[in-house]
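J.: Pasting a predicted model and its sequence here:
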Amino acid sequence: VTAPRIVEVRRGVLEGNDVRAGRLRARFRESGVTAINLVSSPGTGKTRLLEELLRRMSAAHRVGALVGDCATDNDAVRLARSGAPVRQIVTEGMCHLEADLVERHLEGFPEVDVLFIENVGNLVCPSSFDLGETLRLVLLSVTEGEDKPLKYPSIFASADLAVLTKCDLAEACEFDRDVALAAIDAVHPGLTVIETSARTGAGLDLLIDHLLPVPARS
Ligand SMILES: Nc1nc2c(ncn2[C@@H]2O[C@H](COP(=O)(O)OP(=O)(O)OP(=O)(O)O)[C@@H](O)[C@H]2O)c(=O)[nH]1
Ligand SMILES: [Mg+2]
């Protein structure tokens, strides 16, 4: 009896979010900001990768980051060590970021050319919530299992670029690269995949080349 109402409320939430995301997208475009939304399951290496990207990119660009977590400011503390402006968004249990949270945390935030937004670790919910980003990056680590794109297709389908993380651990995990790449291609044909290790630095310069300049999302 209650199911149709739940669907209705959910649709209302998503529509409200889309309006606010549209506003953010226009604002990013007008001020020339490249906003990059990082999505993945918990522990894939979003923060570790961002630590490296902020450090490498800050010489040539004004970079900053918002980082979402259910609780703690651990990730903001880690990212702030780069010297870039960083703000933690504590969602108090919510499993994804929404556009209004991003809007609110940008109040008084320094002007940047590239704004990274680390989403809450979750392979399902963040895919439905547009943050007005220029580019959505999905991360998959070699420790997660090659079939994750097939099990959680929507997040891979909605991404503009995929990043394979922790490639330094591939052998220890008996990671089957071909199977993983085929799984990504099955849910998002033609999606570019950059193979990286934040630990060794492999693939990071190539990734940065793919981030800048980025085409505007429509
Ligand atoms: N060996 C290795 N370990 C990595 C690499 N990247 C991340 N890790 C480790 O993986 C663990 C999780 O990394 P985080 O960067 O915290 O992952 P996250 O995606 O930000 O996690 P949440 O914010 O909780 O969703 C940490 O112990 C990292 O040091 C990598 O390239 N190689
Ligand atoms: Mg993190």
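T.: Yep, it's here. Ligands and ions are numbered 1, 2, ... in the order given.

J.: quick one: contacts for residue 105?
T.: 66, 87, 89 (Cβ atoms under 8 Å, 6 or more residues apart in numbering). The way it works is simple: take the backbone N, C-alpha and C, and place the C-beta from them, glycine included.

J.: The second one belongs to a strand?
T.: Yes: inclusion of residue 87 in a strand is indicated when DSSP: H, G, I helix; E, B strand; the rest coil is applied.

J.: Could you measure from it over to residue 130?
T.: As for residue 87, its distance to residue 130 is 20 Å (criterion: Cβ to Cβ, to the nearest Å).

J.: So between these two, which is more surrounded?
T.: residue 130 (22 against 18; other Cβ atoms under 10 Å).

J.: is it true that that one touches residue 99?
T.: Yes: contact criterion Cβ atoms under 8 Å: residue 130 and residue 99 qualify, at 6.6 Å.

J.: what do those two both touch?
T.: What both residue 130 and residue 99 touch, as defined by Cβ under 8 Å, 6+ apart, is the set 17, 21.

J.: Whichever residue of the chain sits closest to ligand 2: what secondary structure?
T.: For the chain and ligand 2, the shortest gap (Cβ to the ion) falls at residue 47, measuring 3.3 Å. With three-state DSSP as the basis, residue 47 sits in helix.

J.: for it, what are its contacts?
T.: Counted by Cβ under 8 Å, 6+ apart, residue 47 has contacts 67, 75, 78-79, 118.

J.: List just the nearest of those to ligand 1.
T.: residue 75 (5.4 Å; Cβ to the nearest ligand atom).

J.: and residue 20, how far is that from residue 26?
T.: 11 Å.

J.: Go ahead and flag the most central residue of the chain.
T.: The centroid of the chain falls nearest to residue 38 when counting by Cα atoms, centre = their mean (0.8 Å).

J.: you'd agree that one is up against residue 45?
T.: No: contact criterion Cβ under 8 Å: residue 38 and residue 45 do not qualify, at 9.7 Å.

J.: Overlap in contacts, these two.
T.: residue 139.
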